[in-house]
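K.L.:
Prediction below, plus the sequence it came from.
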Amino acid sequence: MLTLRGLTKRYGGKTVVDDLTLEVAPGKVTGFLGPNGAGKSTTMRMAVGLDRPTSGTALVRGTPYAELAHPLRVAGALLDARAAHPRRTAHQHLLAMARSNGIPTRRVPEVLGAVGLSDVAGRRAGSFSLGMAQRLGIAAALLGDPEVLLLDEPVNGLDPDGVLWVRTFLRSLAAEGRTVFLSSHLMSEMQLTADRLVVIGRGRLLADGPVTDVVAAGTRRSVRVRGPRNGGLAVLADRLVREGTEVARPAPDELSVTGVPLERVGDLAHEEHVHLYELRAEEASLEEAYMRLTSRSVEYGQAPRTGAEAGV
Ligand SMILES: Nc1ncnc2c1ncn2[C@@H]1O[C@H](COP(=O)(O)OP(=O)(O)OP(=O)(O)O)[C@@H](O)[C@H]1O
């Protein structure tokens, strides 16, 4: 369990983490999402004692990380995949970490095996690809067999095989009962990997809950309507707008209607004698929810277009 209470960090006059309170529960993968500069890395660094909070606390299993007798046995972190000394072999890097943290050295081959690096254990970390470096970073985080894992952008820059491996591996660690907290920019990846989501923007908490709830809260369900190009879609769009509905026309033969049930769109089409080929509820996506949630937190973001702006 990882607990943040009123966690705040200021650099000069700038508040980069702003009164963050949340609990990251065991047995789940919790995704930590936010635009560039939102404060994700700073939050993770404070959780493992690398940055000092201006106010508030970060507790790992109820204790500040810096006060833990054997911190690596409680929480492991991957904050920078290239943190290993480039001239040390993977084996040497992990051995040094194990020795300086009172961790039995038998853990070194165990974690190298767990992340699939046994065959390259004697190679220098500096010669590793990004994917191998990420695996070594995960091995280092696992060295003390900790119950809490914090991973900052563990799939950044990985190829699809690497992404799939990290996803499967992290889910298996959560299934063992560990607390897995990972940050990423990849919303689609988060939708596949995480059980819960924490979304921040400009250091502030924007959403915290199961992935499905965050997606539902951040999206408005829309209805996709398809019909003949000159078959009265404009008439239907006019009627929908008069009813207070937001309408966009993404293609000449399509309308995207937001804020009204699918059945109502069908009834209005019938009343207006508009011929339809398709009437379909669109899936809400995390990407859309994320864009809505964070649109005010991104300095140079683009606001979503309304129906009127889309030229309907
Ligand atoms: N040591 C520091 N001194 C001053 N400002 C800092 C320092 N570290 C981070 N910041 C600022 O704090 C803000 C949050 O940065 P942080 O790296 O935590 O964000 P992030 O969400 O991890 O972003 P990204 O996704 O781009 O890595 C940024 O504006 C950054 O410039």
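P.N.:
Looks like it came in fine.
K.L.:
mind checking how far the helix ranked longest in the chain is from the chain centre?
P.N.:
For the chain, the longest helix by residue count, based on DSSP state H, is helix 160-175. On the basis of Cα atoms, centre = their mean, to the nearest Å, helix 160-175 is displaced by 14 Å from the centre of the chain it belongs to.
K.L.:
May I see the buried residues of that helix?
P.N.:
162-163, 165-167, 169-171, 173-174 (16 or more other Cβ atoms under 10 Å). All C-beta atoms are positioned from the backbone trio N, CA, C, and that covers glycine.
K.L.:
between the very next helix or strand once past that helix and helix 160-175, how many degrees?
P.N.:
As assigned by DSSP states H and E, the chain's next helix or strand after helix 160-175 is strand 179-183. In terms of direction (axes from the mean of the first three to the mean of the last three Cα atoms, to 10 degrees), strand 179-183 departs from helix 160-175 by 150 degrees.
K.L.:
Alpha carbons only: can I get strand 179-183 in PDB?
P.N.:
The C-alpha coordinates for strand 179-183 follow below in PDB (Å, rounded to 0.1, in the frame of the first residue of the first chain):
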ATOM      1  CA  THR A 179       1.100  -2.800  -5.200                       C
ATOM      2  CA  VAL A 180       2.000  -1.700  -8.800                       C
ATOM      3  CA  PHE A 181       2.000   2.000  -9.500                       C
ATOM      4  CA  LEU A 182       3.200   3.000 -13.000                       C
ATOM      5  CA  SER A 183       3.200   6.200 -14.900                       C
END
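K.L.:
Show the subsequent helix or strand relative to that strand.
P.N.:
Counting by DSSP H and E, what follows strand 179-183 is helix 187-193.
K.L.:
Quick one: end-to-end length of stretch 119-136, please.
P.N.:
12 Å (Cα to Cα, to the nearest Å).
K.L.:
Show me the shaky parts of the stretch 201-312 of the chain.
P.N.:
Along the stretch 201-312 of the chain, the model assigns pLDDT under 70 to residues 218-220, 284-285, 296-312.
K.L.:
Now do the helices in it.
P.N.:
With DSSP state H, counting those that start in this stretch as the criterion, the stretch 201-312 of the chain has helices at 211-218, 233-242, 262-271, 286-294.
K.L.:
closest one to A140 among the ones you listed?
P.N.:
Smallest distance to A140 across the helices of the stretch 201-312 of the chain (Cβ to Cβ): 28.1 Å, for helix 211-218.
K.L.:
Pull the distance from the closest one to the chain's centre.
P.N.:
Relative to its chain's centre, helix 211-218 lies at 13 Å (Cα atoms, centre = their mean).
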